[in-house]
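Undergrad: Quick check, what structure comes out for this input:
(one chain, ligands or ions: 1)
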Amino acid sequence: MAQPVIRVFPDLESLSREAAEQFVRLAQQQIQVSGRFSVALSGGSTPRRLYELLASDPYRNRTPWDQVHVFWADERCVPPDHPDSNFRMANEVLLSRVPLPSVNVFRIPVDRGDPVSAAASYEQTLRAFFRLEPNNWPEFDLVLLGLGVDGHMASLFPRSAALGETHHLVVATRGGTPDLPRVTLTIPVLNHATHLLWLAAGAEKSSVVREVLTGPEHSDELPAGMIHPVCGSSAWLLDRAAASLLQRSPSHDPRR
Ligand code: 6PG
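TA: Numbers count the residues shown, from 1 in each chain. Predicted structure coming up:
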């Protein structure tokens, strides 16, 4: 299994610019190969700047938006215009500002029915989009992930039953800040992505970043440590504060 690539940037701005660069590059490459680019967005506050950059030039003009298909790694069970909605944030700062066809936006339907039915419905959406045979997993071209101080990613929280899911693509769960019912992609889906791109910034993330990237084999106490891509790549973009407890190593880009 390939080691994750770790890159350290002076601040959230430069980290977000690199993430935007990677997003555009992967979209262009993948669209050339297969005619479409599937991305699952993360929630939380860290990717906001990335989304703003993608909605502005030069990134906006370089992205073939009509062939981009947008999904979410997780959603809080609130209406789509609620301040805590992951869809709302991405829609306000990115999706409504780029020429992305509305049929290419696959939000998690948490406002239709209970969380369990929303998860089942999103699973069907993924099965249809990726034309999955039973027992197959989708291969997102890119999944963006943030890291919680407790080691969660998407809405996969420490010690949650959702961490043991080996059959479903999408499950209902609860937790996080704000503490809400949520719907999340499962670990096998994340592990089957072609590219995982983690963004973490701020000193409050430094201990958990060290734990995930240098700690021993992990248990369900630390969900991010349970991610082991099957054949895809995993890259971490960190600001200096989040990387401050990591030892410098050759995988750190010395020019940054
Ligand atoms: C959510 C997220 C969650 C987030 C992390 C990091 O919906 O809450 O998808 O996994 O990415 O909690 O959040 P910050 O970027 O706000 O630190």
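
Undergrad: Okay, the residue of the stretch 101-250 of the chain found nearest the ligand and residue 30: tell me how far apart.
TA: Nearest to the ligand in the stretch 101-250 of the chain, going by Cβ to the nearest ligand atom, is residue 146, at a distance of 2.5 Å. Quick note: C-beta positions are derived from backbone N, CA and C, even for glycine. Distance, residue 146 to residue 30, by Cβ to Cβ, to the nearest Å: 22 Å.

Undergrad: To what extent is residue 131 buried, counted in neighbours?
TA: Number of residues near residue 131 (other Cβ atoms under 10 Å) recorded here: 8.

Undergrad: Please read the previous query as pertaining to residue 214.
TA: For residue 214, the number of neighbouring residues by other Cβ under 10 Å comes to 11.

Undergrad: didn't it look like it was pressed against residue 225?
TA: No: assessed by Cβ atoms under 8 Å, residue 214 is found out of contact with residue 225, at 10.3 Å.

Undergrad: quick one: contacts for residue 167?
TA: Residues near residue 167 by Cβ atoms under 8 Å, 6 or more residues apart in numbering: none.

Undergrad: Check residue 220 too.
TA: 158-160, 163-164, 226.

Undergrad: Buried subset of the residues you listed as a ChimeraX selection?
TA: Here is the ChimeraX command that selects the buried residues among the contacts of residue 220 (16 or more other Cβ atoms under 10 Å):
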select :158,160,163,226
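
Undergrad: Please list which of the contacts of residue 220 also come close to the ligand.
TA: Taking Cβ under 6 Å from any ligand atom as the test, the ligand is in contact with none of the contacts of residue 220.

Undergrad: Output the contacts of residue 220 in a markdown table, with secondary structure appended to each entry.
TA: As requested, the contacts of residue 220 are exported to a markdown table (DSSP: H, G, I helix; E, B strand; the rest coil):
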| residue | secondary structure |
| --- | --- |
| 158 | coil |
| 159 | coil |
| 160 | coil |
| 163 | helix |
| 164 | helix |
| 226 | helix |
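
Undergrad: List the buried residues for stretch 208-219?
TA: Buried, per 16+ other Cβ under 10 Å, within stretch 208-219: 208-213, 218.

Undergrad: Look at residue 190 and say how many residues are nearby.
TA: 28.

Undergrad: err, residue 35, not the other one
TA: As a measure of burial, residue 35 has 9 neighbours, counting by other Cβ under 10 Å.
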